[in-house]
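S.K.: coordinates only, sequence not included:
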């Protein structure tokens, strides 16, 4: 049979990266990531895989970010018995990433089940637990960069540095088919230039198919030097703390945290910030930082600096008790906590303690998926619901995009051009529809107009890998999710906003009689 490529995640959306290749030698997965964003999208994490995990022969992992690796324990739990191949730094990061993810699954479901029991509803089970994560880690084998390996009969693979996070790779494949190899490259997440920790992304030329991310396919950022990057961060810090409150930074535990620690440490050593305390409140980020120290020789600018992630004013917070004490600080501190999209973890407690304070500042430093709390804050909502409690947003919400680990539009185009010629198709994944559409339009009509066929699959789309035939993706009915729900807020977000607006309407009513009238109209509408 002709090999087939099915897009099971990160297609029409940014998260849940997962690609299934079926060929005469068996089945191969590239990535197996967690869906993040709206509740409708996250619901996919609880559903069965649209394939038999026991039938998969090998898994190749591009990097450790949870939207690329976070469903591996579920894969093992559901019957996968093969190996998981990743670079050595990725394997080391997974040691903490997957156990932390399992803890989040178990603790969040425990809280949810308490609410469900009080409502008389059935309890739910976690996606996976600690034991599943531990069994998964036993299956991870390290592979080198720049060397051909054979993960299964009929397939050769080679890992290229992607310049995204520590250990991140683009994966080149050669699949034997009718005695002619089919040549593919999965970009993974492509890094950007002027990074403190990594060099530029690399990759081969001359492919049949190029599968490339498009997270920032519609955006061109200002390209800055390392000195300019630190200067902008310093200005944001001084302006925020000048208002008298705290600076809260939601961070991704891997890479973003370490870059910020490095730059804040440099600013402190240069005397640009004074002696203000910097708290890193994330056990996962603390452990990940140790992995970065172990691989210092593989880092860029930071690797040449003694103690790049430490300083007398940087304090690592691990215990719950010490985390709670931070909420007693009303001003003059930087508090960095996960998760980066404000969807889980300790950052939500710090937002509850600071969002309502006009003196406080929240600095967004990374991508925020539609439907997440971080995106709602960037969109300027006047109030949010956190763990069932209404919080008025009076803090300053700021954004700085120079710490993104993803290439922007111009960098993606240059990276794609460097991979030419591509005989079959360029396939844009890992992006919201508007982002991938903008990149596709630029590739088709802009400076790179000599590009081959450009495809934009959605979840469940399948491509027959035949360079001799016109490239086209076929949509399959996998009953995963409606395309319209992929990259936007869902009914859960609408419900939360309605409840906030409803409560505000009742507060602003002039008297109890007016409030009763509002309630009567709502009840009448519900009874229609």
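M.R.: Cool, the structure landed. All figures in this text were calculated on a predicted structure; none of them were measured in a lab.
S.K.: And the helices in the stretch 1-150 of the chain, which stretches?
M.R.: Taking DSSP state H, counting those that start in this stretch, the helices of the stretch 1-150 of the chain run over residues 39-42, 66-69, 72-77, 88-118, 130-137.
S.K.: If you count neighbours, what's buried in the third one?
M.R.: When you say that, I think you mean helix 72-77. Buried residues in helix 72-77, counted by 16 or more other C-beta atoms under 10 Å: 72, 73, 74, 75, 76, 77. (Each C-beta comes from the backbone N, C-alpha and C, glycine too.)
S.K.: The second one now?
M.R.: Of the residues in helix 66-69, those buried by neighbour count under the rule 16+ other C-beta under 10 Å are 66, 67, 68, 69.
S.K.: In a markdown table: the residues you listed, plus pLDDT and distance to residue 120.
M.R.: Formatted as a markdown table, those follow (pLDDT from 0 to 100; distance: C-beta to C-beta, whole Å):
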| residue | pLDDT | distance to residue 120 |
| --- | --- | --- |
| 66 | 94 | 33 |
| 67 | 95 | 35 |
| 68 | 97 | 38 |
| 69 | 98 | 37 |
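S.K.: which of those lies closest to residue 5?
M.R.: Each of these was scored against residue 5 by C-beta to C-beta, and residue 68 proved nearest at 16.8 Å.
S.K.: what's the spacing between the closest one and residue 62?
M.R.: In this view, residue 68 and residue 62 are 6 Å apart by C-beta to C-beta, to the nearest Å.
S.K.: Just send the buried residues of helix 72-77 back as a markdown table, with pLDDT and distance to residue 141 too.
M.R.: Below are the buried residues of helix 72-77 laid out as a markdown table (pLDDT from 0 to 100; distance: C-beta to C-beta, whole Å):
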| residue | pLDDT | distance to residue 141 |
| --- | --- | --- |
| 72 | 98 | 13 |
| 73 | 98 | 16 |
| 74 | 98 | 20 |
| 75 | 98 | 15 |
| 76 | 98 | 14 |
| 77 | 98 | 19 |
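S.K.: And the furthest pair within those residues?
M.R.: The span of those, defined through C-beta to C-beta, is set by 72 and 77 at 9.5 Å.
S.K.: before we move on, the earlier item: anything in contact with each of residue 68 and residue 62?
M.R.: Common contacts of residue 68 and residue 62 (C-beta atoms under 8 Å, 6 or more residues apart in numbering): 17, 31, 188, 189.
S.K.: Make a ChimeraX selection of the buried ones in those residues.
M.R.: Buried subset of the shared contacts of residue 68 and residue 62, written as a ChimeraX selection, criterion 16+ other C-beta under 10 Å:
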select :17,31,188,189
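S.K.: Whichever strand or helix holds residue 236: which residues count as buried?
M.R.: Applying DSSP states H and E as the criterion places residue 236 in helix 226-241. For helix 226-241, burial by neighbour count (16+ other C-beta under 10 Å) applies to 226, 229, 230, 232, 233, 234, 236, 237, 240, 241.
S.K.: what bridges to residue 386?
M.R.: residue 389 (DSSP bridges).
S.K.: tally of neighbours for it?
M.R.: Other residues lying near residue 386 total 15 when counted by other C-beta atoms under 10 Å.
S.K.: any idea how far it is from residue 419?
M.R.: 43 Å.
S.K.: Repeat that for residue 51.
M.R.: On the measure of C-beta to C-beta, residue 51 and residue 419 end up 28 Å apart.
S.K.: Once you drop chain neighbours, what's closest to residue 30?
M.R.: Excluding the flanking residues, the one nearest residue 30 by C-beta to C-beta, 6 or more residues apart in numbering is residue 19, at 4.3 Å.
S.K.: Surely the one you found touches residue 7?
M.R.: Yes - with contact defined as C-beta atoms under 8 Å, residue 19 reaches residue 7; the gap is 6.2 Å.
S.K.: hmm, back to that, against which helices or strands is the helix holding residue 236 packed?
M.R.: With contacts taken as 3 or more C-beta pairs under 8 Å, 6 or more residues apart in numbering; DSSP states H and E, helix 226-241 sits against strand 247-250, helix 256-269, strand 361-364, strand 396-399.
S.K.: Show the subsequent helix or strand relative to the longest one.
M.R.: Right, helix 256-269. Using DSSP H and E, the next helix or strand after helix 256-269 towards the C-terminus is strand 278-281.
S.K.: Same question for the last one.
M.R.: For strand 396-399, the succeeding helix or strand toward the C-terminus, using DSSP H and E, is helix 409-418.
S.K.: what's in contact with that following helix?
M.R.: Outside helix 409-418, the residues touching it (C-beta under 8 Å, 6+ apart) are 187, 190, 192-193, 201, 203, 205, 210, 212-214, 216-220, 407, 426, 438-439, 442-443, 446-448, 451.
S.K.: which of those residues are buried?
M.R.: With burial judged by 16+ other C-beta under 10 Å, the buried subset of the contacts of helix 409-418 is 187, 190, 192-193, 201, 203, 210, 212-214, 216-218, 407, 426, 438-439, 442-443, 448, 451.
S.K.: and the lowest-mean-pLDDT helix or strand in the chain, what does it pack onto?
M.R.: Ranking every helix and strand in the chain by mean pLDDT, DSSP states H and E puts helix 491-508 at the bottom, with a mean of 74. For helix 491-508, the packing partners by 3+ C-beta pairs under 8 Å, 6+ apart come out as helix 39-42, strand 383-386, strand 389-392, helix 512-526.
S.K.: Other residues contacting that helix?
M.R.: 38-40, 371, 376, 381-385, 390, 515, 518-519, 522.
S.K.: can you do 7 Å?
M.R.: 38, 39, 371, 383, 385, 390, 515, 518 (C-beta atoms under 7 Å, 6 or more residues apart in numbering).
S.K.: any idea of the angle that helix forms with helix 512-526?
M.R.: Helix 491-508 runs at 150 degrees relative to helix 512-526, counting by axes from the mean of the first three to the mean of the last three C-alpha atoms, to 10 degrees.
S.K.: Just the buried positions in stretch 80-93, please.
M.R.: Within stretch 80-93, judged by 16+ other C-beta under 10 Å, the buried ones are 80, 82-93.
S.K.: between the buried residues of helix 72-77, which is nearest residue 284?
M.R.: Minimum distance to residue 284 across those is 15.3 Å, recorded for residue 73 (C-beta to C-beta).
S.K.: mind checking how far that closest one is from residue 167?
M.R.: From residue 73 to residue 167 the distance is 19 Å (C-beta to C-beta).
S.K.: Next: residue 240.
M.R.: In terms of C-beta to C-beta, residue 240 sits 32 Å off from residue 167.
S.K.: cool, and residue 369?
M.R.: 23 Å.
S.K.: Looking at those two now, which is surrounded by more residues?
M.R.: Using other C-beta under 10 Å as the criterion, residue 369 and residue 167 rank with residue 167 on top: 28 against 21.
S.K.: Nearest residue to that one in space, please, no chain neighbours.
M.R.: Distance criterion C-beta to C-beta, 6+ apart; nearest residue to residue 167, sequence neighbours excluded, is residue 89 at 3.0 Å.
S.K.: need the contact list for the one you found.
M.R.: By C-beta under 7 Å, 6+ apart, the residues touching residue 89 are 166, 167, 291, 295, 298.
S.K.: The third one: what's it in contact with?
M.R.: Neighbour list for residue 291: 89, 92, 93 [criterion: C-beta under 7 Å, 6+ apart].
S.K.: Stretch 15-23 spans what distance, first to last residue?
M.R.: Start to finish, the residues bounding stretch 15-23 are 25 Å apart (C-alpha to C-alpha, to the nearest Å).
S.K.: hmm, I was thinking of stretch 392-407
M.R.: Start-to-end, stretch 392-407 (C-alpha to C-alpha) is 34 Å.
S.K.: outside of it, which residues touch it?
M.R.: Under the contact criterion C-beta under 7 Å, 6+ apart, stretch 392-407 has outside partners 164-165, 189-192, 215-216, 221, 224, 229, 232-233, 236, 243, 255-256, 259-260, 354-358, 360-367, 377-378, 381-384, 415.
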